[in-house]
Structure formats: C-alpha cells, structure tokens
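Colleague: Give me a 3D structure for the following:
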Amino acid sequence: MKNQLSYFQIYLALVGAGVALIGLGFSVPTLGAAPILATFFALATASLIRFVSPFSLWLDGALAVFGAIALIVSLPAAGQMPLHHWLALISAWAFAWLFVERLSAAIRAGKLPETGTGLIIPIIFGLSLLVMWEVVTRGANVPMVLLPPPSAIGARLMAETSILWADFVQTFIKSVLPGYAIGCLAGLLVAIAVDRSPFLKAGLLPIGNFMSALPIIGIAPIMVMWFGFDWQSKAAVVVAMTFFPMLVNTVAGLNAASTIERDLMRTYAADYWQTLMKLRLPAAAPFIFNALKINSTLALIGAIVAEFFGTPVVGMGFRISTGVGRLAIDLVWAEIAVAAIAGSAFYGVIALIERGVTFWHPSVRGGRA
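Modeller: Alright, predicted model coming up:
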C-alpha cells in the first residue's frame, strides 16, 4: 500500500477514518436525530479497507462531498453544535485534503490529464472553505454582526440583485474601466517617452516611485474635491493608482532586450521606432502584462475606497460604508463577494489575453499564467 499512497496520504486516511470511528460512537445513540451523519461516519470508517484493497481517489472525493452535505443538512437550528458534528467536520476535511493530494499526485504522474481535471483542485479547496465557514459560524452561534454564514450572504445576494447590479455598474463599469484604460495607456506612452529621453528618465522615474507610495486615503478626498462626487473622481483615483505601476514596469521591460538583439536590428538598418515596435515592445510584453494584472486589482480597490469619501447614493464603496453603519453585515459581505468575483474575472481575462499575446514566452510555453 505504501507504493500507492505517500506517508502523508496514509496519515490523512487514518485521521479521516479514525475520527469517523470516534464520531460513530457518539452519533449512534442519537441516530434518530442525525441518521445521515451516522451513515457518513460508517462509510468513512469502512474506507480503512484501502489498506487491504485498492481504493479509488474518487471515492475519497465522494466521501468528502457526502460528509459536507451531511453536516449542512444535520446542523441544529439553534444552540451549540454537538461534539459529533465537529468530528464530522474534521473527518470530511481530512478526506477532502486526501482527495486533493491523491488527485494532484495522479496528475503529476500523468495518470490523469491536467486540462479540466486540474480545475477540480481549486474548486474543492474553495468549497471546503465555504463549508467550514458555514459550519463554524452556524455551529458555534457566531453573531451575524461579526461574521454571517455563506448561506445568509447568498440569500442577500439573491434578494438584493438590483441594488448590487446598480452598485457594480457605478463602481466597475463607470469608474474602474475608464480609469484603468486611461491610467495604463498613459503609463505606457509616458514610459516610451521616458525611454526615448534620458532627461525624462532621470526626472520622472524618481517622481513616479514617490507618487506610487502616496496613500489612497490621501488622494481620494482631493480627487473628490477636484472632480466632484460622481464617477469622474473615482476614475481619477484609479488613473493615479494605475499610472505608475505601468510606467515603472514598461520602462524595465523596454530594457529587457539584449545587446546582441539590438545590434542585430542595427545591422538591418532599423531606426528607433522600428526597433521599438519589432523588438523592444514585444520583449517588454511580459512586463506590461504584469503591470496590467497588478493594476486590475489596484483599480477596483482604489475605486471602492474612493467612494468612502463622497459618492452618489450608489456604488460598492458607498454600500459597504452605509451597510456597516446599519449593521447590515450580510449586505456588506454580498458587496465584497461581487467585488471579488468581478476582480477575479477581470484578472482572468487579462491573463488569457497574455497567453495569446506572449505565447512565445517560456512561462506560457511551460503552462503557467
């Protein structure tokens, strides 16, 4: 069996089955209250058969999923969660970890394809966190004002769809996207000018490093005073936050081309602009996309924080600020979830474009984004 499972995987299998065996002893006397949980404990204990007979990794995944469902279904409506529920949480967590370990090992060994199958690992990880969050908050009676369970946040997402959509349009569509486009394009053009002029390189780069260190909470109120309370001031904050990362990364990328490659362009009688377009900008593409990915998160953070200092009665930052004041913490977390999904999708789109543009780069050829 040691040839099939690593020592750590054996340890996880023993933890999952051992804790389930203890939980079975606690749950059998209350079988009428939680029969599905007792069934999970019995199946988890029976998984010890893996040490005498082959046991598929997909059965470990099925055990983890069944344990999570059994936990959610059997959670008490009120009061503290009994001990065997906590044991079920530990056992289901161990089987989920064991499944991910075995799945990743099978992918590395070439037994399973990475394409498609590799997505299961982050999905299982994310679902495990959500299940633990749900069970701990409900089972330990955590007050809603401190941390609402994911089920309450999901219910608020469904109930306040129109409000959340209006906030998304105000913050992301009107503020983040224009500010991101202007800031990144301006940073790229100024970087080319800085590269062309040694005077600008000596003068602008130190100022750029200084400006990039300015706190957003100091910039945002000034931008609100300059551009008003609507989306224009939030877009201005986004421009200020995205300009200098793009400037610094592009300047560094334009120097990435080797001396031999530049000398080769000179032998072809290429002028500055031909060398820039055919050699230096393509060589700088990984640096430029690195700045684009960094700015995709900075832009959303900047727009949301800027809305704390003045905005119409709409927007993610406005809703988070007023929601905390009214103790509507589930609405606040719903806004956070929307912002996280939007930011992740934005980053993912840029990463996909990077794969298509920089297909020649070793990091892309090696399968890493």
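Colleague: Please enumerate the helices of the stretch 101-250 of the chain.
Modeller: 120-139, 150-159, 161-168, 177-196, 198-212, 216-227, 231-254 (DSSP state H, counting those that start in this stretch).
Colleague: mind checking which of those helices is nearest Asn295?
Modeller: Set against Asn295 and scored by CB to CB, the helices of the stretch 101-250 of the chain come closest in helix 231-254, at 4.0 Å. C-beta coordinates here come from the backbone N, C-alpha and C atoms, glycine included.
Colleague: list the buried ones in the closest one?
Modeller: Of all the residues in helix 231-254, those buried under the rule 16 or more other CB atoms under 10 Å are 231-251, 253-254.
Colleague: what helices or strands is it leaning on?
Modeller: helix 177-196, helix 198-212, helix 216-227, helix 281-306 (3 or more CB pairs under 8 Å, 6 or more residues apart in numbering; DSSP states H and E).
Colleague: Kindly reformat these as CSV and extend each row with distance to Val169.
Modeller: Formatted as CSV, the helices and strands packed on helix 231-254 follow (distance: least, CB to CB, whole Å):
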stretch, distance to Val169
helix 177-196, 11
helix 198-212, 29
helix 216-227, 19
helix 281-306, 12
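Colleague: returning to that earlier point: comparing the helices of the stretch 101-250 of the chain, which gets the lowest mean pLDDT score?
Modeller: Ranked by mean pLDDT, these end with helix 198-212 at the bottom, a mean of 71.
Colleague: Most tightly packed of the helices of the stretch 101-250 of the chain?
Modeller: Of the helices of the stretch 101-250 of the chain, the one with the most neighbours on average (mean count of other CB atoms under 10 Å) is helix 231-254, at a mean of 24.
Colleague: quick one: that one to helix 177-196, angle?
Modeller: Our comparison of helix 231-254 with helix 177-196, counting by axes from the mean of the first three to the mean of the last three CA atoms, to 10 degrees, yields an angle of 30 degrees.
Colleague: Next, the angle helix 281-306 makes with the following helix or strand past helix 231-254.
Modeller: Reading on from helix 231-254 to the C-terminus, the next helix or strand found by DSSP states H and E is helix 259-267. With the same axes, to 10 degrees applied, the angle from helix 259-267 to helix 281-306 works out at 120 degrees.
Colleague: Show me which residues of the host helix or strand of Arg319 are buried.
Modeller: If you go by DSSP H and E, Arg319 is part of helix 316-325. Judged by neighbour count using 16+ other CB under 10 Å, the buried positions of helix 316-325 are 316-321, 323.
Colleague: Next: stretch 281-299.
Modeller: Applying 16+ other CB under 10 Å to stretch 281-299 flags 281-296, 298-299 as buried.
Colleague: returning to that earlier point: give me the contact list for the helix holding Arg319.
Modeller: 163, 167-168, 170-172, 303-308, 311-312, 329, 331-332, 335-336, 338-339 (CB atoms under 8 Å, 6 or more residues apart in numbering).
Colleague: what mean pLDDT does whatever helix or strand comes next after that helix have?
Modeller: Following helix 316-325 in sequence order, the next helix or strand is helix 329-357 (DSSP H and E). Helix 329-357 shows a mean pLDDT of 90.
Colleague: Tell me which other helices or strands helix 329-357 touches.
Modeller: Contact here means 3+ CB pairs under 8 Å, 6+ apart; on that basis helix 329-357 packs against helix 150-159, helix 161-168, helix 281-306, helix 316-325.
Colleague: Any chance of the helices of the stretch 101-250 of the chain in a markdown table with distance to Gln9 as columns?
Modeller: What follows is the helices of the stretch 101-250 of the chain, written out as a markdown table (distance: least, CB to CB, whole Å):
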| stretch | distance to Gln9 |
| --- | --- |
| helix 120-139 | 15 |
| helix 150-159 | 29 |
| helix 161-168 | 42 |
| helix 177-196 | 44 |
| helix 198-212 | 45 |
| helix 216-227 | 45 |
| helix 231-254 | 41 |
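Colleague: closest one to Ala17 among those helices?
Modeller: Using CB to CB as the measure, helix 120-139 is the one of the helices of the stretch 101-250 of the chain that comes nearest Ala17, at 18.2 Å.
Colleague: Which strands or helices does that closest one pack on?
Modeller: On a contact count with 3+ CB pairs under 8 Å, 6+ apart, helix 120-139 meets helix 57-74, helix 83-108, helix 150-159.
Colleague: Could you chop this protein up by domain?
Modeller: Using automatic domain parsing, the domain parsing of the chain gives 7-142, 158-365.
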